[in-house]
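1. fold the following and give me the result.
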Amino acid sequence: MERLERMVFFIMLSLFALASVASAASEQFKGLIYDPGKLRPIDSRTHLKVGMKAPDFSLPSLSGERVTLSQFRGKKNVVLTFVPAAWTPVCSDQWPGYNIAKSIFEKHNALLLGITVDNIPTLFAWTREMGGLWFPVLSDFQPHGAVSKKYGVLRSNGTSERALFVIDKKGVIRYMDVHDINKRPPFDALVRELEKLE
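-> Okay, here's the model as predicted:
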C-alpha cells in the first residue's frame with residue numbers, strides 16, 4: 001500500500017510539474033506562436049486497433065539519422081506522440097512537458113518518439129526555441145504525412161491528429177489515444193498504460 005501511495009504522489013507531482021512547464025512554455029513562446037483557433041476535435045479515422053502489429057516506418061530525425069520503428073523490437077517499448085504542427089499552442093506545451101517526465105519513460109523501458117508533418121528545418125528551429133527535447137523528433141514531411149496516413153491520423157488539412165500509440169517490445173499496439181486536437185492528452189492515462197507493460 002505504501003508503494004502505491006508513493007507512486008500516486010509521484011504521478012501527481014509529475015502532473016503538477018508538467019502543468020507548470022506547459023505554462024512556462026506558453027509564456028516563453030508569447031508572440032511566436034500561430035494560433036489556428038478552435039479546430040474540429042478529430043478529423044480522421046484510424047483502422048488500427050489495440051492488439052494489432054504497429055505499422056513499421058522509417059523517418060529522418062533532427063540528429064540526421066533515420067529512425068525505424070522495428071529497430072526497437074525486442075529491446076524497448078515505444079510511445080509515438082503525433083502532434084499537428086510546430087509553432088502552435090498546444091503542441092508547444094505538450095512536448096516540453098515530456099522533458100521532466102523522462103525518468104517515467106526510462107522506468108518502463110519506453111522510448112518516446114515525436115512525429116510531425118513539419119520539415120526538418122522547421123522542427124530544428126522550434127525545438128531549439130523550446131530549449132531542446134530529450135526524445136527523437138521525426139519529420140513525416142516527405143512524402144507528406146505518409147506515416148500519419150499509415151497510422152490513420154492524417155487530417156484533411158495535411159496535419160496529423162494529436163495522438164499517442166503505446167507499442168510493446170513485440171511491436172504490438174497496446175494503447176491508442178487519438179485525442180481532441182485542441183487539448184493535451186492526460187499524462188496520467190499514459191503512465192497507467194506504461195505500467196501495464198511490466
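2. which element follows the lowest-mean-pLDDT helix or strand in the chain toward the C-terminus?
-> Sorting the helices and strands of the chain by mean pLDDT, DSSP states H and E puts helix 2-28 at the bottom, at a mean of 51. Note on helix 2-28: by DSSP states H and E, the next helix or strand toward the C-terminus is strand 58-60.
3. now that following strand: how far from the chain's centre is it?
-> 15 Å (C-alpha atoms, centre = their mean, to the nearest Å).
4. please apply the same query to stretch 121-128.
-> 16 Å.
5. how about that stretch: buried residues?
-> The neighbour-count check on stretch 121-128 (16 or more other C-beta atoms under 10 Å) flags 122-123, 126-127 as buried. For every residue, glycine as well, the C-beta is placed using N, CA and C.
6. pipe these into JSON lines and attach secondary structure and pLDDT per row.
-> Shown next, in JSON lines, are the buried residues of stretch 121-128 (DSSP: H, G, I helix; E, B strand; the rest coil; pLDDT from 0 to 100):
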{"residue": "T122", "secondary structure": "helix", "pLDDT": "96"}
{"residue": "L123", "secondary structure": "helix", "pLDDT": "96"}
{"residue": "W126", "secondary structure": "helix", "pLDDT": "93"}
{"residue": "T127", "secondary structure": "helix", "pLDDT": "94"}
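7. in the chain, where is pLDDT below threshold?
-> Along the chain, the parts satisfying pLDDT under 70 run over 1-31, 34.
8. ramachandran coordinates for the spatially most central residue of it?
-> Among the residues of the chain, the one closest to the centroid is T81, at 1.9 Å (C-alpha atoms, centre = their mean). Main-chain torsions, T81, degrees, to the nearest 10: phi -120, psi 100.
9. could you find the closest non-adjacent residue to it?
-> G114 (5.3 Å; C-beta to C-beta, 6 or more residues apart in numbering).
10. go on, D35?
-> P89 (5.8 Å).
11. my guess is the one you found contacts I33. True?
-> Yes. Contact criterion C-beta atoms under 8 Å: P89 and I33 qualify, at 5.4 Å.
12. residues contacting K53?
-> K53 makes contact with 171-173, according to C-beta atoms under 8 Å, 6 or more residues apart in numbering.
13. export those residues as a markdown table, with columns for distance to D118 and neighbour count.
-> Putting those into a markdown table (distance: C-beta to C-beta, whole Å; neighbours: other C-beta atoms under 10 Å) gives the following:
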| residue | distance to D118 | neighbour count |
| --- | --- | --- |
| G171 | 26 | 17 |
| V172 | 29 | 13 |
| I173 | 24 | 19 |
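14. out of the residues you listed, the closest to N99 would be?
-> Among the contacts of K53, I173 lies closest to N99 (C-beta to C-beta), at 25.2 Å.
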